[in-house]
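Student: Got a predicted model here, sequence first, then my questions.
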Amino acid sequence: MEIKYADLAHRYKPKHPSLQRVMAQRQSLQAQIQTETQHILQSLKTQVSGQFKGNNIRVVDPAEVPLKPVRPILWMNLLMASFLGLFGGWGLALLVNYWDTTIKTQEDVEKFLEVPFFGYIPSIKLGKKDSLKGYLYSREAPESPVTEAFRGVRTRLLQMAKTRSPKTLLVTSAGVKEGKTLFSSNLAIILAAGGLRILLVDADLRRPQLGAVWGKPDHNLGFQDLLAGEAPLGAVVQETSVKNVSLVPAGFNCPHPAEILGSKRMGGVLAEMTSQFDLVIFDTPPLSYVTDAMILAPQMDGVLMVVRYGKTHPPIAKRHVERFQETNTPLLGVVINDFQATPGTYSPYGYGCGYYSPYSHRGNGGKSDVRRPSPLSV
């Protein structure tokens, strides 16, 4: 049909009767082919649908309503939480301790600083007091473990006195808030209890604290006036409430502390002090910020350096130790202040306690007992 149509279309025009007849036959034939094709497709669909009749489906397991939730499993979650809480916390504590390189033990002092260890001064907890006058702990609690710790330091000093017999002692610290001022005050109380005549000198002319600790005003004559030749020793020495302990406050508003401490009069002042007292203790500024302590140190018979538990880093303290060695200063040893015993760590006193202090929170009238730095961190 297609060949015939092509032949006629080549010879005649589209409206020629012969060509019109062939075209009509051709269209009729195409319609028949399309109809038959639809019949065949419908037959195939019917055959396929017959293969999926419901009679070949069976129930394997009947559906049931659960009596309890499938997830979460409570006992398993509790077990996992307990495991993670216990071992996770333990692991975190180990990790923190591993990365904590601060000085905490006698072994740290002897290993990193290579100087004698003088003892631990434990953390203490005091009540709602707003005045530093109340934190002369060795006076207020003479039978406490803290006071016993100071007796241990006294014993070390007296043992050294058999060979060195120091008459002047400088107390300083590696950094601020490590406890040098109240350490020197409580040490003076313990030494005086043994019958020694102690003179406590506030040589921290930049930030004097001994006057506040002992309830003596700093606006009177003091150490700077003595060095400047403006007052004799008798005019600046003040008696305290503790027998055998006398105090020389810093004085008022010193403009040039380093120059005053480096005065040529220092030698004569030291000689006069040591002629009237068994031991003179100088409380000086921290080593990390000013040179005042290093100016005085070479003229002392001995130096004690206070470091604070968990705060002082060995490289910083070691640098100060080397400076003392370079100037031939007799560094007697190091004291770890604010020692905090924790489970699993060695405590020379067998107890642990918190600490409270109004040192950084003055003016609250003692209305609250909030967590504060140790009173021995002045």
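Tutor: Nice, I can see it. Numbering: from 1, shown residues only.
Student: so where's the stretch 251-378 of the chain uncertain?
Tutor: In the predicted model of the stretch 251-378 of the chain, residues 341-378 satisfy pLDDT under 70.
Student: Quick check: Phe183 touching Arg308?
Tutor: No. Contact between Phe183 and Arg308 fails when scored by CB atoms under 8 Å: they sit 10.3 Å apart. The C-beta positions use only the backbone N, C-alpha and C, and glycine is treated the same way.
Student: And those two? Which one has more around it.
Tutor: More crowded of Phe183 and Arg308, by other CB atoms under 10 Å: Arg308, with 27 against 24.
Student: From the structure, what's the count of residues near the closest residue to that one other than its chain neighbours?
Tutor: Closest residue to Arg308 in three dimensions, ignoring its sequence neighbours and counting by CB to CB, 6 or more residues apart in numbering: Glu178, at 4.0 Å. Glu178: 27 surrounding residues under other CB under 10 Å.
Student: Could you look up the SS state of Glu178?
Tutor: coil (DSSP: H, G, I helix; E, B strand; the rest coil).
Student: Contact partners for it?
Tutor: By CB atoms under 8 Å, 6 or more residues apart in numbering, the residues touching Glu178 are Pro286, Val306, Val307, Arg308, Lys311, Thr312, Asn337, Asp338, Ser377.
Student: how many neighbours does the second one have?
Tutor: Other residues within reach of Val306, judged by other CB under 10 Å, total 27.
Student: Which elements pack onto the strand or helix carrying it?
Tutor: Taking DSSP states H and E as the definition, Val306 sits inside strand 302-308. Counting contacts by 3 or more CB pairs under 8 Å, 6 or more residues apart in numbering; DSSP states H and E, strand 302-308 is packed against strand 168-173, helix 314-326, strand 331-339.
Student: If we go by neighbour counts, what in the longest one is buried?
Tutor: Taking 16 or more other CB atoms under 10 Å as the neighbour-count basis, helix 314-326 is seen to contain the buried residues Pro314, Ala317, Lys318, His320, Val321, Arg323, Phe324.
Student: and of these, the nearest to Ala271?
Tutor: Phe324 (22.8 Å; CB to CB).
Student: can you pick the most crowded of the contacts of Glu178?
Tutor: Busiest of the contacts of Glu178 [other CB under 10 Å] is Val307, holding 29 neighbours.
Student: can you pull the contacts of it?
Tutor: Contact analysis of Val307 by CB under 8 Å, 6+ apart lists Ile103, Val109, Ser173, Ala174, Glu178, Ala317, Val334, Val335, Ile336, Asn337.
Student: Appreciated, that's everything.
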